[in-house]
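Student: with the input below, show me the fold.
(one chain, ligands or ions: 1)
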Amino acid sequence: MRAILIEKAESGQRVALGEVDEDRLPQGDVTVRVDYSTVNYKDALAITGKAPVVRKYPMVPGIDFSGAVEASSDPQWKVGDRVVLNGWGVGETHWGGLAQRARVKGQWLVRLPEGLTSYQAMAIGTAGYTAMLCVMALVKHGLKPGDGEVLVTGAAGGVGSTAIALLTGLGYNVVASTGRPAETEYLRVLGASEVVDRAQFSSPGKPLVKERWAGAVDAVGSHTLANVCAAMRYGGAVAACGLAGGMDFPATVAPFILRGVTLYGIDSVMAPANLRQEAWRRLAANLDRAKLDAMAGEISLGEAIAAGARVIAGQVRGRLVVNVNR
Ligand code: NDP
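Tutor: Numbering: from 1, shown residues only. Prediction:
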């Protein structure tokens, strides 16, 4: 099979596209013929070696994939079933999706919902599925479209783009925060009613500022998340899922104890199966396909290596879908 392989080298790591014997696939009860994978932020960290995402060498990166079951000893899956996988350490400790085949535990797989193609599943990918987990947390919190503006940070990235499309599809009034003013029109096409400069959130701020946001989806972390919390309206909720701006959280408790703000932590990697199935069901039902098309583009397996550096540099808009057979 063709695969991207990350190997340990004397200075750091070596990443290359090559032919890998399928006998080397890890243990697992289901073998999947992969159609598409993606370059998520975490994949970019793995490919560039910018953060210790890869825990075992050699590693095939790719934290998600879509495809069809080729062989299975798990009674839940039969040959030809169309599946999607996100997380579970795939692409970190277990060979991942940037290859023509993957072998995984059957319990890690989600059945591709009716109405989504393999390509669309990866146009959504882990970023989009995580955006849906964020939206579900806000909806469960009780956030209603009439409650006020909802802020999405890291707006032109994968999580941000999908969050805007999903929230506006549900009728929320979404404000997009970006460092790329050139993407203003794109963000408006996705549904944002206003586009703001991310610089206003990126420096140390006050513990509390004027109340503005009824809800927020944050993909950035650090000062951005702290400043977003400081500007939440009374009883509002933030779904925090990312660290594109930093892993720290230099905040005070003021928004939580004086305005009853709730901070939801969103994890896609170890999320339980029922939550995943619900997220994918809602993605199939709610995500506007024209907006999905607008946010995703296809690259070949070989192109995924160079794409890693572009993702880290914040130069990629929306989602990169990797056709592993091209
Ligand atoms: P992308 O690279 O597609 O998007 C990240 C966006 O963040 C960029 O497009 C940019 O948006 C913004 N950004 C980048 N660098 C900075 C910076 N230094 N300061 C402020 N903003 C910045 O990544 P994804 O959307 O795929 O992922 C976003 C985050 O969510 C990542 O940290 C990722 O690891 C995390 N994540 C977490 C998951 C979980 O399970 N919790 C699952 C999936 C992702 P713009 O150009 O619009 O400013």
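
Student: let me see the contact set for residue 25.
Tutor: 31, 95, 101-103 (Cβ atoms under 8 Å, 6 or more residues apart in numbering). In this view, the C-beta of every residue, glycine as well, is placed from N, C-alpha and C.

Student: repeat the analysis, applying 7 Å as the threshold.
Tutor: Going by Cβ atoms under 7 Å, 6 or more residues apart in numbering, residue 25 touches 95, 101, 103.

Student: tally of neighbours for the residue nearest to residue 88 when sequence neighbours are not counted?
Tutor: Counting by Cβ to Cβ, 6 or more residues apart in numbering, residue 108 is the residue found nearest to residue 88 once chain neighbours are left out, at 4.5 Å. A count of nearby residues for residue 108, using other Cβ atoms under 10 Å, gives 19.

Student: would you say residue 274 is within a helix?
Tutor: Yes. Applying DSSP: H, G, I helix; E, B strand; the rest coil, one finds residue 274 inside a helix.

Student: now it: how far from residue 191?
Tutor: 28 Å (Cβ to Cβ, to the nearest Å).

Student: likewise residue 41?
Tutor: 22 Å.

Student: neighbour count winner among the two?
Tutor: Set side by side, residue 41 and residue 191 show more neighbours around residue 41, with 25 against 18, by other Cβ under 10 Å.

Student: how close does that one get to residue 319?
Tutor: Noted for residue 41: a distance of 11 Å to residue 319, by Cβ to Cβ.

Student: residue 88 too?
Tutor: For residue 88 relative to residue 319 (Cβ to Cβ), the value is 20 Å.

Student: what residues does the chain put near the ligand?
Tutor: 40-42, 126-127, 130, 154-160, 178-180, 198, 202, 219-220, 224, 241-245, 266-269, 311, 314, 316 (Cβ under 6 Å from any ligand atom).

Student: state the number of residues packed around the residue in the stretch 151-300 of the chain that the ligand sits nearest to.
Tutor: Going by Cβ to the nearest ligand atom, the ligand is nearest to residue 157 of the stretch 151-300 of the chain, at 1.9 Å. If you count neighbours by other Cβ under 10 Å, residue 157 ends up with 28.

Student: isn't it right next to residue 218, touching?
Tutor: No. In this structure residue 157 lies outside contact range of residue 218 using Cβ atoms under 7 Å: 11.6 Å.

Student: start to end distance for stretch 236-252?
Tutor: Stretch 236-252 stretches 16 Å from its first residue to its last (Cα to Cα, to the nearest Å).

Student: hmm, who's touching it?
Tutor: When contacts are defined by Cβ under 7 Å, 6+ apart, stretch 236-252 is touched by residues 41, 130, 134, 137-138, 141, 143, 154, 157, 159, 202, 204, 207, 213-226, 228-229, 232, 261-266.

Student: could you do stretch 142-154 as well?
Tutor: If you take Cβ under 7 Å, 6+ apart as the criterion, stretch 142-154 is touched by 160, 163-164, 167, 170-177, 198, 201, 212-220, 224, 228, 233, 237, 242, 244.

Student: and it, what's buried?
Tutor: Going by neighbour count (16 or more other Cβ atoms under 10 Å), the buried part of stretch 142-154 is 143, 147-154.

Student: among those, which pair sits farthest apart?
Tutor: Spatially, the most separated pair among these is 147 and 154, at 22.0 Å (Cβ to Cβ).

Student: residue 82 is in contact with residue 114, isn't it?
Tutor: No. Applying Cβ under 7 Å as the test, residue 82 and residue 114 come out as separate, 9.6 Å apart.

Student: tell me which of the two has more neighbours.
Tutor: Using other Cβ under 10 Å, the more surrounded residue of residue 82 and residue 114 is residue 82, with 19 against 9.

Student: sorry, back to before: okay, residue 88 and residue 319: which has more neighbours?
Tutor: residue 319 (25 against 21).

Student: the more buried one bridge partners, please.
Tutor: Applying DSSP bridges to residue 319 gives these bridge partners: residue 296.

Student: give me the pLDDT for it.
Tutor: According to the prediction, residue 319 has pLDDT 96.

Student: now swap in residue 117 and tell me
Tutor: We have a pLDDT of 97 for residue 117.

Student: residues near it, how many?
Tutor: Residue 117: 14 surrounding residues under other Cβ under 10 Å.

Student: C-alpha coordinates for stretch 19-34, CSV please?
Tutor: The C-alpha trace of stretch 19-34 is given here as CSV (Å, rounded to 0.1, in the frame of the first residue of the first chain):
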residue,chain,number,x,y,z
GLU,A,19,5.3,1.7,-0.5
VAL,A,20,4.7,-0.1,2.8
ASP,A,21,3.9,-3.9,3.1
GLU,A,22,0.4,-4.4,4.4
ASP,A,23,1.7,-7.1,6.7
ARG,A,24,3.1,-4.3,8.7
LEU,A,25,-0.3,-2.9,9.6
PRO,A,26,-1.0,-3.0,13.3
GLN,A,27,-3.3,-5.5,15.0
GLY,A,28,-7.0,-4.8,14.8
ASP,A,29,-10.2,-6.7,13.9
VAL,A,30,-11.2,-4.6,11.0
THR,A,31,-9.2,-3.7,7.9
VAL,A,32,-10.5,-0.6,6.0
ARG,A,33,-9.8,0.3,2.4
VAL,A,34,-9.3,4.0,2.9
